[in-house]
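>>> Sequence and predicted structure are below.
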Amino acid sequence: MIKLNQIKRWGDNMEIKVIASTKPGNITSKEEFNEFSGHCAGVCYMADNFETLMNEDKEKTNRRIIMTKSGGHHSVFDHNYITLELEDIPKLLAMLINNEKMYTTSEKSARYTRMKPTEKEEALYNKWQAIFEEKILAKYPEMNPKKVTKLAQENSRYLISVLTKTTMIYTVSYRQLNYIYGWVTKLMNSTSENRIVKALIPSLKEFKEKLETTGYIEEGLYEDNKSRGFSLIYDSLNKQEYFGDVYCTTYKGSFAEFAQAQRHRTISYEIAPLKDDEFFVPPIIEEDEKLKADWICDIKSVADLLPQGMMVLINERGTYENFILKLKERICTNAQLEICNQSRATLLKYQAALEKENHPLKMDIARYTKGARCTFGDFKCTSDCGFNEGKTLKRLI
């Protein structure tokens with residue numbers, strides 16, 4: 001009989017080696033990426049170890065690279081990552097590529113900084129920033145002045161075009177960058193009458209040309225034999241609503257809200273234009289009929305620029321667990337109010353559906369319906385906002 005301590009277990013002599021890393025300022029060529037990917041492609045069949053692959057004849061590696069590319073086995077090219085600085089990229093284009101999951105991005109925020117819109121948008125932005133500051137101070141006189149300014153900026157940016165230029169640092173794999181290049185080419189050639197797609201076309205052409213100058217576009221790697229394309233924009237969304245272990249729901253939200261929502265990369269999102277224009281009205285002015293009418297008039301005046309306050313149809317799909325993780329980010333005083341309220345509305349709809357079906361998760365979801373995330377019980381707040389109306393989800397800003 002073999003004793004347990006006589007069995008050699010896989011982890012007894014585990015080793016970890018760093019074989020690649022990112023160095024700021026270092027520019028690795030696509031030829032080096034291809035070679036490393038070719039070595040990685042040999043792991044499946046290697047008789048010895050990775051070091052042997054690294055030292056094999058280059059012709060053998062090159063043959064494997066060609067075979068891997070032509071066979072569509074592109075995952076090995078994901079071992080290489082590139083960090084790009086994208087300056088003056090339209091916000092909508094950033095949203096398009098940010099919907100493809102495999103990325104890391106750090107983007108200049110219109111919530112916290114002033115952007116550079118057209119003269120007309122700038123005038124509207126300044127007008128409403130002053131109005132919002134006055135309304136916020138009247139409603140919350142004890143609020144920190146810096147917080148008031150930030151919240152006024154956050155609401156004024158609804159008037160600024162989703163095509164406004166921004167800056168972002170974008171890290172993506174070698175394969176994914178090539179796929180994006182291929183999908184850009186495909187979308188550029190689209191004959192779609194979708195107004196969101198049509199608004200993107202001019203910037204797509206420029207983006208394609210700039211990608212070609214990076215030195216990382218590789219023939220044979222950007223051809224996607226699965227007929228895929230960008231996952232963001234559709235002419236219509238006709239998916240059936242469902243709530244259980246997984247969920248699917250469709251609702252209206254502004255471009256600004258969607259840009260926040262899509263940061264939850266474990267959840268799938270799609271958008272489609274509405275048949276008739278609709279616009280988000282910030283709750284702080286909603287009950288003032290004169291201000292509300294003035295707001296609608298002003299935002300309609302820039303409707304052709306696709307303001308960030310323009311509503312779109314949003315489809316959201318994911319697992320229950322990832323939805324709860326979203327709540328732990330978005331149902332909070334520090335979150336954008338629109339996405340906080342929408343997340344709460346989806347939560348209550350989800351709860352009602354689980355209760356109706358007597359689903360086993362109905363007891364679990366009830367834990368998240370008492371207020372903001374600081375009331376959840378399984379979330380630890382490290383910076384108490386001290387804002388009671390925020391914690392009870394009654395805030396107007």
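Ah, there it is.
>>> domain parsing for the chain?
21-79, 81-212, 242-391 (automatic domain parsing).
>>> any chance of the ones you listed in a markdown table, with distance to Asp224 too?
Any C-beta I mention is one placed from the backbone N, CA and C, and that applies to glycine too. Shown next, in a markdown table, are these (distance: least, Cβ to Cβ, whole Å):
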| stretch | distance to Asp224 |
| --- | --- |
| domain 21-79 | 8 |
| domain 81-212 | 6 |
| domain 242-391 | 18 |
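>>> so which of the ones you listed comes closest to Ser231?
domain 81-212 (5.5 Å; Cβ to Cβ).
>>> before we move on, the earlier item: what's the least confident stretch among the domains of the chain?
Of all the domains of the chain, mean pLDDT reaches its minimum on domain 21-79 (a mean of 85).
>>> returning to that earlier point: format the domains of the chain as TSV; extra columns: distance to Ser227 and mean neighbour count.
Listed next are those as TSV, based on distance: least, Cβ to Cβ, whole Å; neighbours: other Cβ atoms under 10 Å:
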stretch	distance to Ser227	mean neighbour count
domain 21-79	12	14
domain 81-212	9	17
domain 242-391	17	17
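>>> Ok, which of these comes nearest Gly220?
Nearest to Gly220, of the domains of the chain and by Cβ to Cβ, is domain 21-79 at 4.2 Å.
>>> returning to what we had before: show me the one of the domains of the chain that comes nearest Ser236.
With distances scored as Cβ to Cβ, the stretch of these nearest to Ser236 is domain 242-391 (5.4 Å).
>>> which stretches of the stretch 251-397 of the chain form helices?
In order along the chain, the stretch 251-397 of the chain carries the following helices (DSSP state H, counting those that start in this stretch): 255-261, 283-286, 289-300, 320-330, 337-356, 362-365, 388-391.
>>> any chance of the ones you listed in CSV, with distance to Met188 too?
Formatted as CSV, the helices of the stretch 251-397 of the chain follow (distance: least, Cβ to Cβ, whole Å):
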stretch, distance to Met188
helix 255-261, 21
helix 283-286, 39
helix 289-300, 29
helix 320-330, 33
helix 337-356, 31
helix 362-365, 43
helix 388-391, 44
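>>> CA atoms of stretch 256-269 as CSV?
Extracted in CSV, the C-alpha atoms of stretch 256-269 (Å, rounded to 0.1, in the frame of the first residue of the first chain):
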residue,chain,number,x,y,z
ALA,A,256,-22.2,59.7,-19.6
GLU,A,257,-23.8,57.0,-17.5
PHE,A,258,-22.9,54.3,-20.0
ALA,A,259,-19.2,55.4,-20.0
GLN,A,260,-19.2,54.7,-16.2
ALA,A,261,-21.1,51.4,-16.6
GLN,A,262,-18.8,49.9,-19.2
ARG,A,263,-15.9,50.0,-16.8
HIS,A,264,-17.4,46.9,-15.2
ARG,A,265,-15.6,44.6,-17.7
THR,A,266,-17.1,41.4,-16.3
ILE,A,267,-20.5,42.6,-17.5
SER,A,268,-21.5,42.9,-21.2
TYR,A,269,-22.9,46.1,-22.6
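>>> Wasn't Leu84 part of a strand?
Yes - under DSSP: H, G, I helix; E, B strand; the rest coil, Leu84 sits within a strand.
>>> That one reaches Tyr174, doesn't it?
No - with contact defined as Cβ atoms under 8 Å, Leu84 does not count as touching Tyr174 (11.8 Å).
>>> The domains of the chain: which one's closest to Tyr222?
Of all the domains of the chain, it is domain 81-212 that lies closest to Tyr222, at 3.7 Å by Cβ to Cβ.
>>> if we can go back for a sec, can you say which of the helices of the stretch 251-397 of the chain is nearest to Gln308?
Gln308 lies closest to helix 255-261 among the helices of the stretch 251-397 of the chain, at 4.2 Å (Cβ to Cβ).
>>> which secondary structure elements does the closest one contact?
If contacts are counted by 3 or more Cβ pairs under 8 Å, 6 or more residues apart in numbering; DSSP states H and E, helix 255-261 sits against helix 91-98, strand 268-273, strand 311-319, helix 337-356.
>>> pretty sure Gly318 is touching Tyr269, no?
No - between Gly318 and Tyr269 there is no contact under Cβ under 8 Å: 9.1 Å.
>>> just so I know, which of the helices of the stretch 251-397 of the chain lies nearest Glu219?
Taking Cβ to Cβ, helix 255-261 is the member of the helices of the stretch 251-397 of the chain nearest to Glu219, at 33.2 Å.
>>> Tell me the secondary structure at Glu142.
With three-state DSSP as the basis, Glu142 sits in coil.
>>> what about it, distance to Ile331?
From Glu142 across to Ile331, the span is 23 Å (Cβ to Cβ, to the nearest Å).
>>> Spatially, what comes nearest to Gly220 if we skip its sequence neighbours?
Once flanking residues are discounted, Gly220 sits nearest to Lys69: 4.2 Å by Cβ to Cβ, 6 or more residues apart in numbering.
>>> so what's the one you found up against?
For Lys69, the contact set (Cβ atoms under 8 Å, 6 or more residues apart in numbering) comprises 218, 220-221.
>>> Just the buried ones among those, please.
218, 221 (16 or more other Cβ atoms under 10 Å).
>>> which of the contacts of Lys69 lies closest to Glu59?
Distance to Glu59 across the contacts of Lys69 (Cβ to Cβ) is lowest for Gly220, with 17.9 Å.
>>> All set now, cheers.
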